[in-house]
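# give me the fold of what follows.
(one chain, ligands or ions: 2)
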Amino acid sequence: MGERTMKKNILCIGAGYVGGPTMAMIARQCPDRRVTVVDINEARIQAWNSDTLPIYEPGLNELVRACRGRNLFFSTDIARGIAEADIIFVSVNTPIKTFGHGAGYAADLQYWEKTARLILQHATSDKIVVEKSTLPVRTAAAMSRILRTGDSRVHFEVLSNPEFLAEGTAVADLTNPDRVLIGGADTTTGKAAVAELIALYSAWVPSDRILTTNVWSSELSKLAANAFLAQRVSSINALSALCEATEADVTEVARAVGMDSRIGPKFLKAGVGFGGSCFRKDLLSLVYLCESYGLQTVADYWKQVVCINDYQQTRFVATIVQAMFNTVAEKRIAVMGFAFKADTGDTRESPAIRISRLLAEEHACVVVNDPQALANARRDLTDLGDRITYEHDPYAAARNADAIVFLTDWQEYRQLDFRRIFQSMRQPSFVFDGRIFLDRQELFKIGFNVYSIGRPPLLQ
Ligand code: NAD
Ligand code: UGA
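Residues are numbered from 1 along each chain as shown. Ligands and ions are numbered 1, 2, ... in the order given. As a prediction, this is how the structure comes out:
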């Protein structure tokens with residue numbers, strides 16, 4: 001189909017974990033739209049145009065292959081992309097500030113602001129600008145102000161349309177979202193822009209799942225949703241500590257609690273804590289926001305969710321050291337799983353980073369295995385040099401080890417031949433299940449000392 005006959009052109013600035021999959025889904029569901037994804041990172045764009053995509057996500061290869069070169073394009077020509085687009089999604093990264101006021105808490109908005117200025121510089125016709133990145137409340141208003149500083153003949157309408165996909169299930173989440181949230185201004189142009197976005201999503205999302213709010217509610221709802229999810233994880237992890245002290249079993253407690261239909265069973269899996277690029281960042285952004293509005297008690301409340309997450313990781317390492325006769329120095333410890341969750345190669349904020357570092361500080365010889373995340377693990381721990389080794393084969397990682405520590409619940413780990421692993425390890429040998437996903441009775445029968453979070457240990 002020629003460019004001219006297509007409906008409104010779509011551009012996405014930022015070809016990351018959100019921009020790539022989200023735009024591939026729009027291209028797939030709306031074959032009459034031309035969708036272009038641009039990025040300043042040339043290597044990333046090259047990868048999106050190759051057979052090895054820059055991110056691992058089940059079903060993504062097929063999705064991209066189905067529309068790339070047809071109505072989905074990846075490019076570094078940002079200026080042209082902006083000039084030709086009618087709807088511009090902004091999906092750039094919004095990490096935590098590492099400098100100046102709000103360092104360690106506030107969102108670093110420099111990428112986002114640069115993007116706003118780029119749009120302003122290259123736009124020659126009216127644009128709908130859609131905030132897809134997760135941003136603090138009132139950022140869309142700031143973006144509108146920047147965009148209004150230019151040629152007054154070009155109209156920019158800024159909408160908030162936060163993304164709720166989770167990594168590892170991005171394609172499924174995008175195919176069948178719980179809701180699509182669109183925040184827009186209650187003005188004629190605002191309503192028209194919201195209608196455009198509704199029309200886009202209506203190609204595959206049922207209308208009762210498309211929710212419209214004002215811009216600020218939309219921005220805050222995204223931070224709130226992540227805060228609630230993270231809070232559930234910290235709640236069950238806090239209880240896991242009490243379970244270990246009292247010999248209650250956290251999986252039994254979670255089941256009993258989750259069967260209350262008012263509470264529900266999801267996000268009650270205790271473990272080594274939440275990782276991922278967003279929970280920590282968004283919680284801290286919420287904390288900073290509350291503090292800036294003078295709501296210190298509210299800020300302190302949400303800060304505790306992060307504190308419990310950090311505590312869970314140091315507590316897990318303390319358990320390992322204590323179980324192994326109070327020393328892991330020069331002992332080989334195989335870290336199985338480095339990704340922050342299964343089915344992704346992403347290691348951003350992965351609990352495995354902190355846990356491996358703490359083990360290395362105890363002078364353990366840490367060997368890392370992961371089916372998808374070894375390259376990222378190497379980068380994350382590069383400063384530790386030879387103290388850490390990396391092994392593609394889980395059996396080789398476990399050979400001569402004193403302990404194997406599971407930090408990601410990869411499906412392939414469930415299928416390991418644990419008898420073979422046991423025979424290749426030093427004795428006594430230990431399994432630490434940081435994700436409560438292995439059959440501990442089976443492991444115990446083989447001869448392992450088995451520790452899983454929030455449950456009484458099984459000791460030989
Ligand atoms: P990412 O780091 O994977 O991707 C962001 C991309 O933006 C990078 O490739 C970077 O090079 C590019 N970029 C930065 N500045 C640019 C500029 N001026 N012009 C062009 N490209 C630029 O980040 P991500 O994980 O995709 O997250 C993006 C946003 O979405 C964040 O705000 C995040 O909080 C939010 N979010 C992420 C997820 C997730 O699962 N990762 C889910 C929901 C929301
Ligand atoms: C999360 C949210 O689920 C998405 O809705 C949101 O869009 C996204 O953050 C974002 O804004 O970036 P994601 O971080 O990709 O998605 O993955 P989750 O499935 O939420 O898992 C986050 C972390 O919590 C993982 O480390 C996971 O292992 C951990 N977790 C999750 C638990 O420890 N227990 C649970 O019961 C659930």
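
# could you point out the longest helix of this protein?
Across the chain, the longest stretch assigned as helix under DSSP state H is helix 215-246.

# any part of it near ligand 1?
No: counting by Cβ under 6 Å from any ligand atom, ligand 1 has no neighbours in helix 215-246; the shortest distance is 7.4 Å. Placement of C-beta: from N, CA and C, glycine included.

# got the domain ranges for this structure?
10-213, 247-460 (automatic domain parsing).

# which one of those domains lies nearest to Phe228?
Taking Cβ to Cβ, domain 247-460 is the member of the domains of the chain nearest to Phe228, at 8.6 Å.

# what packs against the longest helix of the chain?
Helices and strands touching helix 215-246, by 3 or more Cβ pairs under 8 Å, 6 or more residues apart in numbering; DSSP states H and E, are helix 139-147, strand 156-160, strand 180-183, helix 250-258, helix 279-292, helix 296-323.

# burial measure for Arg419, as a count.
Arg419 has 13 neighbouring residues, counting by other Cβ atoms under 10 Å.

# kindly report the same for Leu384.
Using other Cβ under 10 Å: Leu384 sits among 13 other residues.

# what residues are up against the nearest residue to it once chain neighbours are set aside?
Leaving aside its chain neighbours, Leu384 sits nearest to Ala360 (5.4 Å; criterion: Cβ to Cβ, 6 or more residues apart in numbering). Residues in contact with Ala360 (Cβ atoms under 8 Å, 6 or more residues apart in numbering) are 366, 381, 384, 387-388.

# and of those, the nearest to ligand 2?
Taking Cβ to the nearest ligand atom as the measure, Leu381 is the one of these closest to ligand 2, at 17.9 Å.

# go through the contacts of Ala360 and name the one nearest ligand 1.
Leu381 (19.7 Å).

# identify the residues contacting the lowest-mean-pLDDT helix or strand in the chain?
Counting by mean pLDDT, DSSP states H and E, the weakest-scoring helix or strand in the chain turns out to be helix 139-147, with a mean of 91. Helix 139-147 has contacts (Cβ under 8 Å, 6+ apart) with 109, 112-113, 116-117, 119-120, 129, 131, 156, 158-160, 183, 215-216, 219.

# give me that answer again for 7 Å
Contacting residues not belonging to helix 139-147 are listed as 109, 113, 116-117, 119-120, 129, 131, 156, 158, 160, 215, 219 [Cβ atoms under 7 Å, 6 or more residues apart in numbering].

# next, the buried residues of it.
Residues of helix 139-147 classed as buried by neighbour count (16 or more other Cβ atoms under 10 Å): 139-140, 142-144, 146-147.

# just the CA atoms of it, as CSV, please.
Output of helix 139-147 as CSV, limited to C-alpha atoms (Å, rounded to 0.1, in the frame of the first residue of the first chain):
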residue,chain,number,x,y,z
THR,A,139,5.2,16.2,32.8
ALA,A,140,2.8,16.3,29.9
ALA,A,141,2.0,19.9,30.9
ALA,A,142,5.7,20.7,30.8
MET,A,143,6.0,19.1,27.4
SER,A,144,3.1,21.2,26.1
ARG,A,145,4.8,24.3,27.4
ILE,A,146,8.1,23.5,25.6
LEU,A,147,6.2,22.7,22.4
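
# what's the angle between that helix and strand 156-160?
Helix 139-147 and strand 156-160 are oriented at 160 degrees to each other (axes from the mean of the first three to the mean of the last three Cα atoms, to 10 degrees).

# what about helix 139-147, distance to the chain center?
Offset of helix 139-147 from its chain centre (Cα atoms, centre = their mean, to the nearest Å): 26 Å.

# then stretch 174-193?
Centroid separation for stretch 174-193 versus its chain: 23 Å, with Cα atoms, centre = their mean.

# got the buried residues for it?
Neighbour-count burial for stretch 174-193 flags 174, 177, 180-185, 190, 193 (criterion: 16+ other Cβ under 10 Å).

# just the residues you listed now: which is nearest Ala398?
Proximity of the buried residues of stretch 174-193 to Ala398 was ranked by Cβ to Cβ; the top entry is Leu174 with 36.6 Å.

# any idea which element that closest one lies in?
helix 170-175 (DSSP states H and E).

# mean confidence (pLDDT) on that helix, please.
Over the span of helix 170-175, the pLDDT mean works out to 98.

# can I get that helix in CSV, CA atoms only?
Output in CSV follows, covering the C-alpha atoms of helix 170-175 (Å, rounded to 0.1, in the frame of the first residue of the first chain):
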residue,chain,number,x,y,z
ALA,A,170,5.0,-8.3,26.3
VAL,A,171,3.4,-9.7,23.2
ALA,A,172,0.6,-11.4,25.1
ASP,A,173,0.0,-8.3,27.2
LEU,A,174,-0.1,-6.1,24.1
THR,A,175,-2.4,-8.5,22.3
